[in-house]
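K.L.:
Okay, here's the prediction I keep looking at, along with the sequence it came from:
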Amino acid sequence: MRIEAIGMSSCLGPAVTACAAFRAGITRQQPSEAVTTFVPGDSEAQPVNVCAIPGITLGFSGVGRLVAITEDALGDLGAKTSLADLGREAGVFLALPDFADPGVAPQVRVATQEALGRQVLGRALAGQGVSWPEDRWRFFTGGSAGFALALAAARQELVRRTFDVVVVGGVDSLVDPEHLRFLLAERRLKSADNPVGLLAGEAGALLVLRKHSSGGISGMTPRVELLAVHTSVEQRALGAGAMPDGGALATCVQEVLRACPDQDVAFICDLNGEQRRAWEWGSALVRLKSLVPSLGDSPAWVPATGFGDVGAAMGAVGACLAVRAFERRHAPAHQLVIASQSDSGERAAFVLTAAGAPHAGGSR
């Protein structure tokens with residue numbers, strides 16, 4: 001299954017610009033205009049830095065902010081392929097943040113997600129002046145693993161030939177003031193007195209996949225292909241104070257590696273500055289290294305260093321980074337594995353490669 005086009009909205013710009021900026025180590029942090037914090041011993045409020053998208057999200061919050069991000073990502077995608085043509089044939093699989101109240105019944109959660117998705121995607125498409133059939137829309141939660149869940153479902157529908165082409169993406173914002181205050185109260189934000197916190201970000205990224213294709217993005221080679229995707233649940237992530245042992249995450253990576261023709265692998269991982277994720281990723285690497293010793297020395301990219309923690313958009317952003325790395329021939333390995341660690345327990349991995357493309361190596 002080949003990736004034909006990508007589109008992105010991020011603090012570093014659209015897809016091509018953002019991926020180049022990430023490789024160059026460029027960051028774009030700014031103080032939140034709505035949220036500050038007090039460090040013990042200080043008499044003045046300290047800023048909370050975020051990775052906000054310049055311009056397009058200014059003045060928006062909640063659903064409106066997601067709509068603005070999605071519309072911007074669609075605009076970038078539309079610069080590479082016809083949105084009107086996509087609408088006539090594509091299924092849409094979109095990962096979004098979970099807006100349902102904790103503890104609600106599963107059917108209520110599903111209904112809430114469906115309503116949110118239709119509102120976000122419908123308004124974003126209207127902003128681009130196009131209309132896609134709503135019966136082809138599918139929406140997913142699952143935190144940073146949500147994109148992989150959407151990707152797995154889309155892949156299944158391509159195999160069944162329900163669709164010949166699909167649009168798969170993720171959209172999220174942790175920069176919204178209400179969410180920032182929640183993260184601050186939970187002591188999860190990076191600050192002067194909490195160096196192991198996350199840097200809140202926001203992004204939207206979309207990929208067009210087709211089971212059979214005549215070329216890569218914009219007719220360029222190499223052709224980037226999805227080899228495998230696997231999802232699981234880490235039970236130890238759900239208890240208060242529990243520390244995941246990396247078992248579920250390692251299983252996801254191990255399963256997608258079975259589809260790889262060799263063990264020349266690099267990782268795009270879901271580290272965000274928090275100790276729990278670092279502990280779990282390290283534990284997963286120990287398990288993987290016991291099976292394939294070379295994996296312990298595999299290069300790893302961390303999207304959060306450039307984009308901040310982008311929640312449900314993480315997997316899609318990672319996929320865009322991989323696609324551009326293969327396109328520009330600076331991928332550090334023949335296969336790039338994108339791994340996800342969700343706060344709600346979902347774990348996922350998927351692997352991309354480029355048919356017949358040599359890699360140039362490099363740290364980014």
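P.N.:
Cool, the structure landed. Numbering: from 1, shown residues only.
K.L.:
A15 reaches I3, doesn't it?
P.N.:
No - the pair A15 and I3 fails to qualify as a contact (CB atoms under 8 Å) at a distance of 11.5 Å. C-beta: built from backbone N, CA, C; applies to glycine.
K.L.:
Neighbour count for these two, which is higher?
P.N.:
A15 (28 against 25; other CB atoms under 10 Å).
K.L.:
check contacts around that one.
P.N.:
For A15, the contact set (CB atoms under 8 Å, 6 or more residues apart in numbering) comprises 6-8, 76, 205, 320, 324.
K.L.:
The spatially closest residue to it that is not a sequence neighbour and D76: what is the separation?
P.N.:
On the basis of CB to CB, 6 or more residues apart in numbering, the spatially nearest residue to A15 that is not a chain neighbour turns out to be M8, at 3.8 Å. Relative to D76, M8 is positioned 6 Å away (CB to CB, to the nearest Å).
K.L.:
Could you pull out the residues contacting both of these two?
P.N.:
14-15.
K.L.:
Looking at the two, which is more packed in?
P.N.:
Neighbours per residue (other CB under 10 Å) separate M8 from D76, with M8 holding more: 31 against 24.
K.L.:
what about the more buried one, helix or strand, and which?
P.N.:
Secondary structure from DSSP states H and E places M8 in strand 2-10.
K.L.:
How about A339?
P.N.:
Assigned by DSSP H and E, A339 falls in strand 335-341.
K.L.:
what's the angle from the next helix-or-strand element following that strand to strand 2-10?
P.N.:
On the C-terminal side of strand 335-341, the nearest following helix or strand under DSSP H and E is strand 346-354. Strand 346-354 and strand 2-10 are oriented at 120 degrees to each other (axes from the mean of the first three to the mean of the last three CA atoms, to 10 degrees).
K.L.:
Quick check: can you name the pairing partners of strand 346-354 and their directions?
P.N.:
The strands that strand 346-354 pairs with in its sheet are strand 224-233 (antiparallel), strand 335-341 (antiparallel) (by DSSP bridges).
K.L.:
ranges for the strands of the stretch 101-250 of the chain?
P.N.:
Ranges of strands in the stretch 101-250 of the chain, per DSSP state E, counting those that start in this stretch, are 137-140, 165-173, 200-210, 224-233.
K.L.:
In PDB, list the C-alpha atoms belonging to stretch 93-107.
P.N.:
Provided in PDB are the C-alpha atoms of stretch 93-107 (Å, rounded to 0.1, in the frame of the first residue of the first chain):
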ATOM      1  CA  PHE A  93     -10.200   7.700   8.700                       C
ATOM      2  CA  LEU A  94      -9.400  10.400  11.200                       C
ATOM      3  CA  ALA A  95      -8.000  10.300  14.700                       C
ATOM      4  CA  LEU A  96      -9.200  13.000  17.100                       C
ATOM      5  CA  PRO A  97      -8.800  13.800  20.800                       C
ATOM      6  CA  ASP A  98     -11.300  12.200  23.200                       C
ATOM      7  CA  PHE A  99     -13.800  14.900  24.300                       C
ATOM      8  CA  ALA A 100     -16.100  12.500  26.200                       C
ATOM      9  CA  ASP A 101     -16.300  12.700  30.000                       C
ATOM     10  CA  PRO A 102     -14.300  10.100  31.900                       C
ATOM     11  CA  GLY A 103     -16.400   7.100  32.900                       C
ATOM     12  CA  VAL A 104     -19.200   7.500  30.400                       C
ATOM     13  CA  ALA A 105     -20.700   4.400  28.800                       C
ATOM     14  CA  PRO A 106     -18.900   3.100  25.600                       C
ATOM     15  CA  GLN A 107     -21.800   3.900  23.400                       C
END
